[in-house]
Each structure stands twice: as structure tokens, then as C-alpha cells.
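Q: Whatever this is, show me its structure:
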Amino acid sequence: MVKRIRVILAILAILSLTLLFLDFTGTAHFWLGWMAKIQFLPALLALNVVSLLFLLLLTLLFGRVYCSIICPLGIFQDIVSWIHGLSKRGRFRFSFTPAKSWLRYTMLGVTLLLFVLGLQTWVGIIDPYAAYGRMVATFVSPLYRWANNFLADWAEKMDSYAIYSVDVWIKGGATFVIALLTLVVLAILSWKSGRAYCNTICPVGTILGLLSKHSLFVPVIDKEKCIGCGLCPRRCKSSCINPAERKIDYSRCVVCMDCMEVCKGKAISYRRRPTKATSSEKSGEVDMGRRSMLTASALFIASSSVKAAKKHVDGGLAYIEDKQIPNRQTPIVPPGALSINNLALRCTACQLCISACPSQVLRPSSDLSRLMKPESSYERGYCRPECTRCSSVCPTGAIQPITKEEKSSIQVGHAVFIKNNCIAFTKGVLCGNCARHCPTGAITMVPSDPKDESSIKIPAIDEERCIGCGACENLCPARPFSAIYVEGHQVHKII
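A: Residues are numbered from 1 along each chain as shown. Next up is the predicted model:
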């Protein structure tokens, strides 16, 4: 019964989190956005004290249930392992192995070092929530959108427009490669070794594993009832049950309840931890390894929190010479990100904001210093002033929640005019498309020759009013290069 409840909760959790990355209407985020905000690393980077306390108390009470019913990557591995277990050969393929503590703690130490150095981009690659998000956004989302477009075409033939078509395209080559490698590695590991990733590489699993050593409720083996059949270690996908000593390594146990299900003698039960002191505790011995790793975990949380809270004010507006292509000297990051540094410090590159963007403006960066983190580009659309979707879905605080009114006053960049690309000069025609569609009125058409009012009109840009939405760049009819483009700002301004 306990396992059935766990499985039901895990299925609901992974379906909810998957839907968050698939939904492009905003409906799912309204009801299920909280699921992303209770993921461990996003909650840590957002300094979400309520979520962090909830996860820590949950682990101290019930063990690593986060890994089995909340973490989408952990549930994904369970699904792959379950599929393999449907065969007779795969059902009892596991065996007890000693904990690879050197690898777990090395990965935790490396993660801590990356946080201290401000290299959160690389932490996001192994973060379980972000890794799962990239896989869904890269491989499942296109299939979902293709299915939506098929239904939209069918509905249109029936004179119904309740469903609308959306563009389907690969948003980033580097993100695609990393998501593919993640999928292949995790599929192989979980197919062969169950929760090997969670108990060797994942820093979240290591931290929660240290806490779960002291959890109140745990699976307990009754040595008097145990008949020594050896089935439990062969079903344990965490390989944490020692049949010789009839003990469970709670730092690796993810409370999946498989051992309870397979136990013929009903010797394993999920109950309050026995209070009997161990021999080492009686003799007053101190587990220095455990204390040192708890200290490392505390440093990990503290340093990442400090980094998340830290905001840099840097950069400025430099004079931009005319260019033939919109090769931005400074990338454009979403309104609410505050600055490029704030986004870099908090973003885990989970792709949730990119999946949710209805205008197809956001895409993952290919720059190594900002790898897979969202940047704005206006080839397919522009950032509409009335849309605040990305700020409402970000679980880490990398993009702060903003209102529609606030967004209209946030300057993420400014427009730059390239005279030689303008069709008024190349083709001698009247245009003014950029001025007509500028939502802030920052562009006006003025005579190209101040002394001749009848001369060809060209755009004049008021940088103090421009918010960098990209409407001018996107709607410029000049091809193949826009005559006007947006240059990003290191630090956003309020106008």
C-alpha cells in the first residue's frame, strides 16, 4: 500500500513537471508552476526559504522521498529501470555494492567549487531538474507541438479555431547535443544499474543522502523475521542493502519500497528508526567523514545562496558603429533578469522559460560562458510588452516576476540603425515599418537630409524611450539583413 501511494505520487509529479515544459498556453503554469519551485537547486538559487525548509524537513522525516516522488530525473530513471525489470532477467539484476563515497563527495566538492567560482552553467548540466527539463524541451516538446499542429489543421477544416498552430524548430545546437548525451547516459545507467547516477554523480542526491542518515522514518529490516533469501538486494536499484549484515545504507536509499514488495518473510517495513545506539556511538567514536561532509554540504548551500543573492552592477552603453549584420556585442536577456550577471548566477538552463515563450524569442545561448541560458533573438518574433510569461515560470529567480506595467519600463537594450541596409536607400521606396510598430514610440521617421523636407525618410531612435523589445528588428522588411537591430545592455535600466 505504501509503495502504491509512492508510485501514484511519482506519476502525478512527473506528468505535472513534463506538462510544464510542453504547455505553450500558460494554463499549466498557472496551476502547476509550484512544482518547479520546490525542486532543490531552483529553490536554493531563488533563496526560497519555504521550499528549502520543506525539502529538508521532508528528508529528515521520511528519507530521500524527494528523489523518488518529486525529482523528475529520479522518476525518469525509475521508469527506465522498471521497463527493464519487466523481463525475468532484468527483474532481479541488482546486487549490493559498497558506496562509492570518493566519487560522490568529489562531485559534491567540484559542484561547490563551481559555485564559488560563479560557474553555475556547468552545475546546471548535472542538476537533475534542469537536465530533465532540457530532455523534455528538446525531444518531447517538438512531438507535442507537431501533434498540436495536426489537430489544429484538422480543426480548421471543421471551421474550428479553438486550437492554433505553433512553430516547431531546434532552438540550440549545443543544447540538443547536451540533452542527447544526458538522455543516452542516463538511459544506459538506469537500464543497467538503476539509481547509479543519483548515488554517484548527482550533488542533490549526495546532500539529501547525508541528511537521510538521520531521517526519522526509514525501511527497517527485522533480523528475526529475515529468512536470508537475498531477494531484497537483487531488487534494490540503489544497491544499498547489505544481505550479509542485513543493513540498509540510508544515505543511498531513495525509499522506493521495492524491497518491501519482494520480501517473502515480510521482514522489511517502513517505520520509525530504531533508537538503539550503535557500538561506535556507545564508545564515543566520532564519524569524522560524516561531519566533514555535512560541513561541506552546509558550505555548498551557503556559498550558492550567497552567489544567488549577489548582484553585480557593471557594463554601460558604448557607441555602436554601423554593422552589416546584427552581431550583438552584448546579448539580450529577458526583462526581469535584471542583468546578465544575475541571470548567469541563478539560471540552471532548465529551458522552462524558453519552452514557455509564446513569441519564440528566447533561445539557449551557444556561448560557453552562458551555455544554454536564455537569450533573446528577434528573427522569429519580438518580445511583446504585454507578455510576462518567462518571468512567471522561472523557478530560480534568474528572471524576477514582473507585471505588464513594469515590463513596459524595463530597457533590456536599445535599437541601432544601419543606414546601408535600409530599403529606403537600397531600393528608393518609402517604408517606416519600424516606426509604425514601435510600442513605445521611440522611433520616428525624419528626413534623411535635414535641409530637404521632401528627402527620403529614415528612422531616428530615441534611446531613452526604447526598451529593446525587438519589434523594429523583427518587422523590418530589409532582407537578408535588418536595417535596424537591438543591442543588449549588461544591466537593465528603468525608463
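
Q: Now do the domain split for the protein, please.
A: Per the record, the chain has its domains at 2-273, 411-484+491-495, by automatic domain parsing.

Q: By residue count, which strand of the chain is the longest?
A: strand 484-494 (DSSP state E).

Q: Tell me the buried residues in that strand?
A: Across strand 484-494, burial judged by 16 or more other Cβ atoms under 10 Å covers 484-492. Placement of C-beta: from N, CA and C, glycine included.

Q: Among these, which pair sits farthest apart?
A: I484 and V491 (22.7 Å; Cβ to Cβ).

Q: what's the helix or strand for R363?
A: Assigned by DSSP states H and E, R363 belongs to strand 362-364.

Q: So which other helices or strands are in contact with that strand?
A: helix 352-356, strand 374-376 (3 or more Cβ pairs under 8 Å, 6 or more residues apart in numbering; DSSP states H and E).

Q: List of residues touching that strand?
A: 171-172, 174-175, 334, 349, 351, 353-354, 371-377, 390 (Cβ atoms under 8 Å, 6 or more residues apart in numbering).

Q: okay, which residue is most central for this protein?
A: C350 (2.0 Å; Cα atoms, centre = their mean).

Q: which ones are touching I83?
A: Taking Cβ under 8 Å, 6+ apart, one finds W191 in contact with I83.

Q: And the pLDDT for it?
A: As predicted, I83 sits at a pLDDT of 94.

Q: ditto for R380
A: 85.

Q: quick one, what contacts G173?
A: By Cβ under 8 Å, 6+ apart, the neighbours of G173 are S366.

Q: And it, what's its pLDDT?
A: For G173, the pLDDT comes out at 86.

Q: what ranges do the helices span in the stretch 301-450 of the chain?
A: Listed in chain order, the helices of the stretch 301-450 of the chain (DSSP state H, counting those that start in this stretch) span 340-346, 352-356, 389-393, 404-407, 423-426, 433-437.

Q: Could you dump the buried residues of strand 484-494 into CSV and include pLDDT and distance to C202?
A: Formatted as CSV, the buried residues of strand 484-494 follow (pLDDT from 0 to 100; distance: Cβ to Cβ, whole Å):
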residue, pLDDT, distance to C202
I484, 91, 46
Y485, 92, 41
V486, 94, 39
E487, 94, 39
G488, 94, 34
H489, 95, 36
Q490, 94, 33
V491, 95, 34
H492, 96, 34
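
Q: hang on, the earlier thing: dump the helices and strands packed on strand 362-364 into JSON lines; add mean pLDDT and distance to P326 as well.
A: Below are the helices and strands packed on strand 362-364 laid out as JSON lines (pLDDT from 0 to 100; distance: least, Cβ to Cβ, whole Å):
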{"stretch": "helix 352-356", "mean pLDDT": "93", "distance to P326": "20"}
{"stretch": "strand 374-376", "mean pLDDT": "94", "distance to P326": "12"}
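
Q: Can you identify each of the strands in this protein by residue range?
A: 217-221, 241-242, 247-248, 268-272, 362-364, 374-376, 410-417, 443-447, 457-461, 484-494.

Q: could these go into CSV alongside distance to N48?
A: Below are these laid out as CSV (distance: least, Cβ to Cβ, whole Å):
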stretch, distance to N48
strand 217-221, 25
strand 241-242, 34
strand 247-248, 31
strand 268-272, 29
strand 362-364, 23
strand 374-376, 20
strand 410-417, 23
strand 443-447, 40
strand 457-461, 40
strand 484-494, 23
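
Q: out of those, deepest packed?
A: strand 374-376 (a mean of 27; mean count of other Cβ atoms under 10 Å).

Q: Quick check: R6 touching Y66?
A: No - between R6 and Y66 there is no contact under Cβ atoms under 8 Å: 11.9 Å.

Q: So which of the two has more stuff around it?
A: A side-by-side neighbour count of R6 and Y66, using other Cβ atoms under 10 Å, places Y66 first with 26 against 19.

Q: wouldn't that one be in contact with T59 here?
A: Yes - proximity of Y66 to T59 meets the contact threshold set by Cβ under 8 Å, at 6.2 Å.

Q: okay, and the common contacts of the two?
A: L208.

Q: check contacts around the residue lying closest to S68 once chain neighbours are set aside.
A: Setting aside the residues directly before and after it, S68 is nearest to V254 in space (Cβ to Cβ, 6 or more residues apart in numbering), at 4.6 Å. Taking Cβ under 8 Å, 6+ apart, we find V254 in contact with 63-65, 67-68, 74, 195, 198, 237-238.

Q: Over to L19?
A: 28, 32.

Q: how near is it to I163?
A: 16 Å (Cβ to Cβ, to the nearest Å).

Q: residues touching the closest residue to E379 other than its chain neighbours, list them.
A: Take E379 and drop its neighbours on the chain: the residue closest to it by Cβ to Cβ, 6+ apart is N474, 7.3 Å away. Listed by Cβ under 8 Å, 6+ apart, the contact partners of N474 are 378-382.

Q: Save those residues as CSV, and put in distance to I221 and neighbour count too.
A: As requested, those are arranged in CSV below (distance: Cβ to Cβ, whole Å; neighbours: other Cβ atoms under 10 Å):
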residue, distance to I221, neighbour count
Y378, 61, 24
E379, 60, 13
R380, 58, 13
G381, 58, 19
Y382, 61, 22
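
Q: What number of residues are in the vicinity of the nearest residue to D167 once chain neighbours are set aside?
A: Ranked by Cβ to Cβ, 6+ apart and with sequence neighbours excluded, the top spatial neighbour of D167 is Q360, at 5.7 Å. Residues lying near Q360 (other Cβ under 10 Å) number 18.

Q: cool, L368 as well?
A: Count around L368 with other Cβ under 10 Å applied: 9.

Q: quick one on the thing from earlier: let me have the buried residues of strand 484-494 in CSV, adding distance to C469 as columns.
A: Formatted as CSV, the buried residues of strand 484-494 follow (distance: Cβ to Cβ, whole Å):
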residue, distance to C469
I484, 12
Y485, 12
V486, 8
E487, 13
G488, 12
H489, 13
Q490, 18
V491, 18
H492, 13
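
Q: Pull the contacting residues for C347.
A: C347 neighbours (Cβ under 8 Å, 6+ apart): 120, 124, 373-374, 396, 398.

Q: mind saving the C-alpha coords of stretch 53-68 as CSV?
A: Provided in CSV are the C-alpha atoms of stretch 53-68 (Å, rounded to 0.1, in the frame of the first residue of the first chain):
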residue,chain,number,x,y,z
LEU,A,53,12.7,24.1,4.7
PHE,A,54,10.0,21.8,3.3
LEU,A,55,12.5,19.7,1.4
LEU,A,56,14.9,19.5,4.4
LEU,A,57,12.2,18.6,6.8
LEU,A,58,10.7,16.1,4.4
THR,A,59,14.1,14.4,4.1
LEU,A,60,14.7,14.4,7.9
LEU,A,61,11.3,12.9,8.5
PHE,A,62,10.9,10.4,5.6
GLY,A,63,14.3,9.9,4.0
ARG,A,64,15.1,10.6,0.3
VAL,A,65,11.4,10.7,-0.8
TYR,A,66,12.3,13.8,-2.8
CYS,A,67,14.4,11.6,-5.1
SER,A,68,11.6,9.1,-5.6
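
Q: And that stretch, what's buried?
A: Neighbour-count burial for stretch 53-68 [16+ other Cβ under 10 Å]: 55-56, 58-60, 62-68.

Q: And stretch 353-366, by the same measure?
A: In stretch 353-366, counting by 16+ other Cβ under 10 Å, buried: 353-357, 359-365.

Q: Looking at these, which is nearest T330?
A: Nearest to T330 among the buried residues of stretch 353-366, with distances taken as Cβ to Cβ, is S365, at 12.3 Å.

Q: who's in contact with the residue lying closest to the closest one once chain neighbours are set aside?
A: Of all residues not flanking S365 in the chain, E375 sits nearest, at 4.7 Å (Cβ to Cβ, 6+ apart). Applying Cβ under 8 Å, 6+ apart, we find E375 in contact with 331-333, 362-365.
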